[in-house]
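In: need the 3D shape of this:
(chains A, B, C, D and E)
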Amino acid sequence: MLDIVWLIPALPLAGFALILLFGRRLGDPKAGYLATLMCGGAFVVTVGVFFDLLSKSAEERQHISKVFSWVPVGSLKVDLAFLADPLSITMCLFVTGIGTLIHLYAIGYMHGDPRFSKFFLYLNLFALSMLVLVLGENMLVTFLGWEGVGTCSYLLIAFWHERESAATAGKKAFITNRVGDWGFMMAMFFAFQATGTLSYLGVNAAASTMAQSTATAIALFAFIGAVGKSAQLPLYLWLPDAMEGPTPVSALIHAATMVTAGVFLMCRMSPILNAASSYAPTLIAVVGAATALFAATIAVAQNDIKRVLAYSTVSQLGYMFLAVGSGAYTAAIFHMVTHAFFKALLFLGSGAVIHGMNHEQDMRRMGALRKVMPVTAATFIVGWLAIAGVPPFAGFWSKDDILLAAYDKSPVLWAVGLVTALLTAYYMTRQVIMVFYGEARWHDAHAEHGAHGDFKPHESPSIMLLPLVLLAGLSIVGGGLNLPFNAHTEKLTQWLEPVLGVHESETSKVPLAVIATIVALVGIAASVMIYAKHRAKPIEPKILADGWYYDETVSRFMGGPGRKAFGALAWYDATVIDGAVNGVGRLVRDTAQRIRTVQSGNVRNYAAAIGVGVVLLLAWFVVVRGSR
Amino acid sequence: MIAASPTSTWYLVLAAVLFGIGTVGVLVRRNPLIMLMCVELMLNAVNLSFVALSKKLGDIGGQTTVFFVMVVAAAEVVVGLGIIVAILRRRPNATADDLAELKG
Amino acid sequence: MIAADPSFVGPSVNWFALSPMLVLLGAAMVLLVVGALVPRWPRHFYALFTAAAGLASTILCLFLWDDITDDGASLLVGNALRFDVFTIFITITISVAVVLVALVTDDYLRREDLEGPEVYALYLLAAIGGVVMGSANDLIVLFLGLEIMSIAFYVMAASHRKRIESQESGIKYFILGGFSSAFFLYGIAMIYGSAGSTNYGRIVDSFNTTIPAVRHDAFVLAGVALLIVGLGFKTASVPFHFWTPDVYEGAPTPVTSFMASVGKVAAFAAMLRVLIFALPHWRDDYRPIIWAIAVLTVVVGSVMAVVQTNVKRMLAFSSVSHAGFILIGVEAAAHRAGQPDAGNGVPSALLYLLLYSILVIGTFSVVTMVSRTGDAATDLSSFRGLGKSHPVIALAMTVLLLAQAGVPLTSGFVAKFGVIQAAVEEHSYAIAIVAMVASVIAAFLYLRIMVSMWVTEPESGDAGREAIRVPLWTGVTLMLAVGFTLLIGFYPGWLIDATKAAVAVK
Amino acid sequence: MISFPILTILVLVPAAGSVLVAMFSNRRPEWVKLIALLASVLTGGLSIWVLAAFDKSNADFQFVSMHSWIKPWGISWHLGIDGISLFLVVLTGVIFPLVVAGTDPHHNHKRYLSWMLLLEAGLMGSFISLDLFLFFVFFEIVLVPMYFLIAGWGYEGRVYAAMKFFLFTMVGSAVMLVGIVATAFIAKGNGPLTFDLIELAKADFAPSTGRWLFFAFAVAFAVKVPIFPLHTWLPDAHTQAPTGGSVILAGVMLKLGTYGLLRFGVYLFPEAARWSRSLWLTLAVIGIIYGAIAATMQKDLKRLVAYSSVAHLGFIVLGIFAMTTQSITGGVMQNINHGVSTGALFLLVGMIYERRHTREISELKGLQKVAPIFAGVFMVVMLSSIGVPGLNGFVGEYLVLIGSFLTARWWTVVAASGVILAALYLLWAYQRVFHGEPDEANSGFAEIKAREAAVLLPLIGVIVFTGLYPKPMLDRIEPSVNRLIEHVTDKTGYVDPQPTGVTP
Amino acid sequence: MQLFVFICAGLMILVGAVGVITRSHPVHAALSLILTLFGVAVMYIAQDAQFLAAVQVIVYAGAIVVLFLFVIMLLGVDKMEDLRIEPFKLQRKVAALVGGGVIGLIVFAAISSRDNIGLAKPAQSDAVTAVGTVAHDSNVRSIARDLFSDHVLAFELTSVLLVIAVVGTVLLARRAPKPTTETSA
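Out: Okay, here's the model as predicted:
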């Protein structure tokens, strides 16, 4: 079964090719079904591979299937090969699994869109790239997928490219990612110079022997890449704007897959990270914690249903990096998985809401929707509880692991994480209340809209609800993957142990868990007090709503000084450098014009010129050469 | 050495002076005819030095040369005058300075 | 009376060796007599007869070449002339030029309705002067040859009676020419004074004996200086070039091409003879001057050409810059003056002369056609739309211009490469680079002409213009020139060998 | 290997075609076009045949044909092909038919096509000639047809642009000519004079001499590449040239520069190349960043692409002078990639111009909505130009960078940031041109035509194939590159650095 | 005696020369030219070049100057040339510089190397005898010998030269078909 790992990416590829060729003919919805089928197929294959691995002993849970030699030049030998091991298969499982669900959902969501088939074309391409990314046997193959998902996100975010905002968002996403890619490339170069190979196994194996400085360099540059991809400070900018894309895209890219690529990469290269000097992981942890808190504070004041989720994603990713930085890779992966479940759920839910509200995204125009769209509401609430960290929902367990690790790293980080948890609970509650509870604010909404007669939010078609339900289920039981009661229940840890090792911790877990739970509840309570019971005025300062003006500042800099500088250089090129060239020409002309006056047409002047020449020659010969 | 008979150097010096005068003449005179005369002066100066040198060398070749030069001079004068006539027929009293249509 | 003198022995004369010159002379005489006796002779006759004479002398030269390769070089009529490959090469070049120019002149004279065998006679006589200059072995003979050619030029330049410019150019050329040849003559006198003879061979011998004493003798050096002045004037080298643009513009276009080809060839031949063969002892004295003059000439010629609007003037200045290139060859030759291995200097210069004269004749033949009746329409604007109306002519002109610019696969490139190679062989890199860069500047003006032929749209005024006629013989000349240009561009080996033979030690 | 003088034929076929076309009557443009197409296709086919018959195990020159040409100067008609030139020849052979088929001059097909074919002959010649003189001949002769193509069929500022292009390049080659001759004479010693590359490469030059000579060559090539700050002829020429001209100029002609640097500069004067490497690396990096930034600010689509060329060629120069197997191989490959993708870009821009008669970015808007397929094609080409993995642009760029990193770390670090800028200017331009709601001027924008698609399809194919499976190409390039590096090692004792843990 | 002759002749020459370049009236200039030419002729005699002296007087003073005068009269260009004005400011300065330079440098050269001049004793070809050495051989005779031995070609070339002169004048003197301002026949 292991030998068919290549089939996992191959199926979406086939889907891509087929839709590329026949997409228009298949049309809506057949193309969608095809795409979903392919992604589902990939999932099935993955499951097969998974069990095959499971059947092996921990040591030999590792299989490389080489497709062909890709870039062989001199000492650089890069194969297009896939590495099937617990980590990559874990990733594959939820990428394909959740991917399939999202495909399915999208069939309903994108129904009637003029570019329906193209959407699925992109989706499959995305799935393909993502799978290549996670299955990559070496950094370059990963980079192939890495850039692939970047490109796809560009295409998908800018899917409704007639909207300026969408187009810009897509461009922004791509370019910001590119900044990260630069880091990734550097990491590869350092790795190659240090080890002469790019395959993870090779590099990781050499980690123990290589110079610590090199390891640090690799780790940090890779982290830059991760920061770009996983939207950490300072490169998170693109993610909130990326909400311009269709909701399934948001779910796919932000919740489940792409953004987690960074975390995956760090885990993939964990040996290097361990070999690096200590400040590297600390830096990662700090960045993670900072991002988590920062994003959470912003999420508190957002009114766009999707932007809230976007910032929460950033925040949750911060958690994962906090884990990575604390050396708890398993925890990071664990949270990645659970987060994939509930965040995908939330996004799809919000999508359903938006769908039902005729593309209304402002939560201030919603409210009391649980009546009109019960299923959506129910599932959404599950997601809410999960992310808020209420036991026994999935989020609670994974977040708990991370906080534990953070505590071992440093209580400060733990505290930050805790505050973030509080805020998370708070703003998620706020969202749920604003959308599904309170009085309906959408009746008057359509008055302003005035668009379509009596406007009534409606529940989404079952094809969209099915994924919601499934994801909701997962969000409830997801925690079961890695229950911290005893070594036996920590299934995921054991499973990933050969790749990521274990994070030993002697801190007693229970008190921390209790504190975390309390904090979550406090957050929920506060939110309820404010938004449901209206006991206090909402605290939504503009600065938070505007994300600490960070985005504005950056874009103002880019549009202002940055652009001016570029303009200056262009001016320099046109004026100075090109001017120099033309200047030479002008110089020649002017000199000629000056000499021309001698060419006066008068014989006697010519004679005089000759005479002068004579005297000069005579002087040279008689005086200079003659007087010896 | 007071009543010294002039050595060839004296002649050469004299010739040089004559030549110089001729040169100056070509540069300062505007009447083409007179410019032509000045050229004749220069040629005569050369002839003079030729003769002096042939004397000094005791070689007749110099004198033969002078003979040729005279022929050349004659020919030049004839042709020159021909051209001048052709021009002055059209533009009486034209001076060298007036003939400056072609320039730049 | 003299014949009665028993003690007198006249010099022996190898008539066959002189035959090319004699043919030219005879032809000239025939033309004059015929012209005088039979005024209404078919016009073609003159041109074709002249061309025939040129052709004949060319063919004779080829035979003579064989003789020399068999029997080696020799001296003629009392050591007055040198009879070697160099001479033959120059003679061939000049004769070919005569042929081509004569063909162009025929159509020209008829268009301008100027009569006369005289012009052709003058061509032939001037050609003789040129040949003498190239083969002279005696400064006096050289001087006479130079005067023969110059006086002929003066007359020809002034020969277009309907154009005041023609006469103006004639008198300018005449006055300046007389002026400069006076200097030249003075130079001869000085050399004669210090060497005791005007014969190249004897000059070299006498300096061989007297060299330690006269190593830095001011009088000789002054002589050298004045010789360079005279030759510099004829070769139109800066700062003795001022007459060139005016005369080239004023003179009838075919005559201009004749002066640009034969004049340059003869003058440079003379320069090489005098400086390299007659005055090797002073090479270290005059080489720097040649160097400086070469650089000046190349640069000034190219730069000045850029700002001209009259094509004839452009070509005049470009001919100045070409002279500079040839001077580079001379400079290279000067390094080896008097040494057994003459190096590449002289051959490269000879090669350049031949190639350039054919180029320039071709180019001017186009100008002749474009200049239209009255020979006045030589402004850049008169070439407008030539590419549309006469694509073939325009294409030919383009080839010639590219050759002048030194674009590969044309003779121009071979020529330039030759001199550059010669210069580099003598390690004068600076001059080579300067020259190449200057040639780029010059390229600008050739491009300008091409642009006005191909790109610029004809303007309203052009409609009224007289249409350009393409006479048979002019066309033939043009095609010959272009053909040769390309032939040498692709297959120059044999010609290079020939030029090398001109300096081969026998 | 084979007696059949295939390379000579490669030069002669287009030349003959050019003459044939020139002689043909102008009244029958379709016939003229057919002849031209046949000639170019035949050449293309031959070049493909060369590719097929090329022996990849052999690093040395193949299909060599050697005849004496100008004996007295020791010049010979010496043609040969190796991994470094192979794909350039194929590129030339392939792009020309596409251009001939895909672009139409607005007047006088006959003359246009005749110049085109002459241009092809010249380019072919300069890529395969192994005699310095011969190379120079082709190198120079190429200017003429290109000059006329720009001046005759270009846009508003064509005369100025053509003149600039011609003179600028000529200055460079003027110096090079002197360099060539000097090289020959200095190398000659007492032996016979020769301009044969292989003979001359054996010679040892005193460092000072070698450096002077090297610079004489380098100047010419630097102009051609163009290397900052000698690049200003390029935007004008590219912008003003007709579409076909731009494609050739960017696709093939610029490669003369990089190819020359490698084949003649480095090969003849390794010591000088090593000695001056930091200068070239710096200029290359400046070019990468500078070109990208300048491109960002352009308002004219063609100018933008032109400046992007400056940036891309910078990578190649970086690779050449970093002088590792990977970097040079990458550079050689990047030659081809840039040729294909930028060529395709110019074709696309030309198609836009044909439809809208403007190159102003601000005039265009929302084309993707009205012409999705066209936009898709443009997207793919653009991504390859940005250097997205899976497309050809990436492989070359990546090899250059990873190779250069071994010898020129910090230059590489800066150069790599060029990939960010590349995304910036191209995506920005793409957004302004293709995204948004089309205004009425653009709403009539026609979808891609069959002929256009036929022209672009091969290019797209190459882009994707070489991106996914570059091995066949690399296998043929690498041996020759190694041979070159060994040559450098023999001359200078420089060793191709290997990453730790790898034994060379 | 010789000294006296030299001085007188020298004065004639210089005075005449200065006259040529300073007389504003062409005729006067021509007459001064004659003066110079005679002076030169005297010098010839003083240098044992009797034949040349004769030719000088006949050809130059006789033919050429007469020709000049004839043309002056013929064209009636005997208008005074005002030498006080000079259109080009620099011209005269340059002229002075050139004249002075030429004279100065050549004189310097002549004097500095007076001993070297004549150092080379010409290798006499059998036909030629040195000036005045052999009594029975007059100047004319030796010139003749030289003329018809070593310089015979040159001698022949002079004929070509004269032919050109003739042809040239014929060509130039021919009246243009549409005659412009006719001054005289």
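In: pretty sure E:Leu33 contacts B:Val39?
Out: No. E:Leu33 lies out of contact with B:Val39 (C-beta atoms under 8 Å); the separation is 11.0 Å. (Each C-beta comes from the backbone N, C-alpha and C, glycine too.)
In: could I get the buried residue list for the helix ranked longest in chain E?
Out: In chain E, with assignment by DSSP state H, the single longest helix is helix E:89-112. By neighbour count on 16 or more other C-beta atoms under 10 Å in any protein chain shown, the buried set for helix E:89-112 is E:91, E:94-95, E:97-99, E:101-110, E:112.
In: same check, this time on stretch D:59-79
Out: Residues of stretch D:59-79 classed as buried under the neighbour-count rule (16+ other C-beta under 10 Å) are D:59, D:61-65, D:69-70, D:72-79.
In: which residues are contacting the longest helix of chain E?
Out: A:604-605, A:608, A:611-612, A:614-615, A:618-619, A:622-623, A:626-627, B:9, B:12-13, B:16-17, B:19-21, B:23-24, B:27-28, C:186, C:190, C:218-219, C:221-222, E:86, E:117 (C-beta atoms under 8 Å, 6 or more residues apart in numbering or on different chains).
In: what about the residues you listed, which are in helices?
Out: Checked against DSSP H, the contacts of helix E:89-112 include these in helices: A:604-605, A:608, A:611-612, A:614-615, A:618, B:9, B:12-13, B:16-17, B:19-21, B:23-24, B:27-28, C:186, C:190, C:218-219, C:221-222.
In: what subset of those residues is buried?
Out: The buried subset of the ones in helices among the contacts of helix E:89-112 - by 16+ other C-beta under 10 Å - is A:604-605, A:608, A:611, A:614-615, A:618, B:9, B:12-13, B:16-17, B:19-21, B:23-24, B:27-28, C:186, C:190, C:218-219, C:221-222.
In: do me a favour and get the end-to-end distance for stretch A:252-264?
Out: Chord length of stretch A:252-264, first to last residue, is 16 Å (C-alpha to C-alpha, to the nearest Å).
In: ok, now stretch D:247-266?
Out: One end of stretch D:247-266 sits 27 Å from the other (C-alpha to C-alpha).
In: dump the residue contacts of D:Val137.
Out: So D:Val137 contacts C:Pro408, C:Leu409, C:Phe413, D:Gly125, D:Ser129 (C-beta under 8 Å, 6+ apart).
In: what's the strand or helix carrying D:Trp49 in contact with?
Out: Using DSSP states H and E, D:Trp49 falls within helix D:29-53. Contacting residues not belonging to helix D:29-53 are listed as D:1-2, D:6-7, D:9-10, D:13-14, D:16-18, D:20-21, D:24-26, D:63, D:81, D:86-87, D:89-90, D:92-94, D:96-97, D:100-101, D:109-110, D:113-114, D:116-117, D:120, D:124 [C-beta under 8 Å, 6+ apart].
In: could you flag which of those are buried?
Out: D:6-7, D:9-10, D:13-14, D:17-18, D:20-21, D:24, D:63, D:81, D:86-87, D:89-90, D:92-94, D:96-97, D:100-101, D:109-110, D:113-114, D:116-117, D:120, D:124.
In: report pLDDT for D:Ile448.
Out: On pLDDT, D:Ile448 comes in at 86.
In: then A:Phe342?
Out: For A:Phe342, the model assigns a pLDDT of 89.
In: how far away is it from D:Gly257?
Out: The gap separating A:Phe342 from D:Gly257 is 57 Å, by C-beta to C-beta, to the nearest Å.
In: more neighbours: which of these two?
Out: Neighbours per residue, other C-beta atoms under 10 Å in any protein chain shown: of A:Phe342 and D:Gly257, the larger number sits with A:Phe342, 30 against 27.
In: surely that one meets A:Gly383?
Out: Yes. When contacts are counted by C-beta under 8 Å, A:Phe342 is listed as touching A:Gly383 (4.5 Å).
In: now for the two: what residues contact both?
Out: With C-beta under 8 Å, 6+ apart as the test, A:Phe342 and A:Gly383 both reach A:Leu471, A:Ser475.
In: now do the contacts for the closest residue to A:Cys92 other than its chain neighbours.
Out: Of all residues not flanking A:Cys92 in the chain, A:Thr46 sits nearest, at 4.5 Å (C-beta to C-beta, 6 or more residues apart in numbering or on different chains). Going by C-beta under 8 Å, 6+ apart, A:Thr46 touches A:Ile8, A:Ile89, A:Cys92, A:Leu93, A:Thr96, A:Gly97.
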